[in-house]
Each structure stands twice: as C-alpha cells, then as structure tokens.
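# what follows is a predicted protein model with its sequence.
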Amino acid sequence: MIEQNLYNSPDVANRIKSYAKSKKISLKSILEDCKLGSNTFSHMLHGKAIAFDSLAKIADYLGCSVDYLLGRTNMPQIYSNNVIHTGDITGSHNVNLNINSKNTSKNATKNTSSDTSELVELIESLPLLKRAEAVIYLNNLKEK
C-alpha cells in the first residue's frame, strides 16, 4: 500500500487559509478568537504540527470538519445522524438529509407535481454523501 501523509502541517495551514479566505474571515481573527498564538500559522507553514484541540477550535470557528482541514475530505460540512451542520460561529445551519420520512413521503408527494415527486424519490435513493451534496446544491439554488 502506498503511504500518503495527509497530516502535512503546511498543507493544513494552507487549507485553513484558503477556506477562511472563501468565508471572508481573516487569519488574525481566527487566532485571536480561538486564543491561539500569533505565530501559529507561521509555525505550521514551517512544518510544526499544532495540538489537536487547537485544530478542532479552528474547525469549529470556520464551521467545517477537522477532516476537511486535514485534507481527508473535500466536503467541509459536518455530518451527524443524517444532518449536515454548516456555518461558522456567526451563524450555523442544519440540513436534514431525510427529505421526507417514509411515513409522510406519500402524503407529501400527493401535494406536489410529479416532477417534484420524482426528484424527491431520486434524492432519497442516493447514498448518504451524494444525498448531502444534492441537498446542499438545492439549498444553494434556493438561496440565489
């Protein structure tokens, strides 16, 4: 098996920097609000690892998973019990991945068009991660 080093501190630092920039959050505010030293990112860029709890604080602050910051996944959302947790400390959002429960699915589809019913059935048939991607995509469309 080929060993891949997913925990390269400079890569983690760059991923934090990139994700923070996409959310318009400065590195300085992350460090101050998480009560981390002002040289934390510099140390990471030079190969020094940070403590796991510091990385968790940063992930919580940015509203993403530690796995995302480590490069283990390309999806920053946090998953638990079929709910996606997104957002940051300024506001979080939960997206339920169960579009309709099995008990209400037939009732819900009676009140919608056949296209909507087909879409709901299609999304419900997807594996959990694909369902999450579909729900996030639909929510982003709805917000536009």
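Right, received. Where do you want to start?

# domain map for this structure?
9-76, 97-143 (automatic domain parsing).

# quick check: end-to-end length of the longest one?
With CA to CA, to the nearest Å as the measure, the first residue of domain 9-76 is 18 Å from its last.

# helices and strands around the strand or helix carrying residue 122, which ones?
With elements taken from DSSP states H and E, the one containing residue 122 is helix 114-125. Using 3 or more CB pairs under 8 Å, 6 or more residues apart in numbering; DSSP states H and E as the contact definition, the elements that helix 114-125 packs against are helix 105-110, helix 128-143. C-beta here means a position set from N, CA and C on the backbone, and glycine is covered the same way.

# between helix 114-125 and the longest one, find me the angle.
What it means is helix 128-143. Direction vectors for helix 128-143 and helix 114-125, defined by axes from the mean of the first three to the mean of the last three CA atoms, to 10 degrees, enclose an angle of 140 degrees.

# phi first, then psi, for residue 48.
Comment: the main-chain dihedrals of residue 48 come out as phi -80, psi 130, following degrees, to the nearest 10.

# state the pLDDT value of it.
Per-residue confidence (pLDDT) for residue 48: 94.

# I figured it hits residue 10, correct?
No - between residue 48 and residue 10 there is no contact, the gap being 9.6 Å when judged by CB atoms under 8 Å.

# okay, now the unreliable bits of the protein?
For the chain, applying pLDDT under 70 flags the ranges 1-6, 78-112, 129, 144.

# okay, the residue most central in space within it and residue 9: tell me how far apart.
When the chain is reduced to its mean C-alpha position, the nearest residue by CA atoms, centre = their mean turns out to be residue 77, at 1.6 Å. Spatial separation of residue 77 from residue 9 under the definition CB to CB, to the nearest Å is 24 Å.
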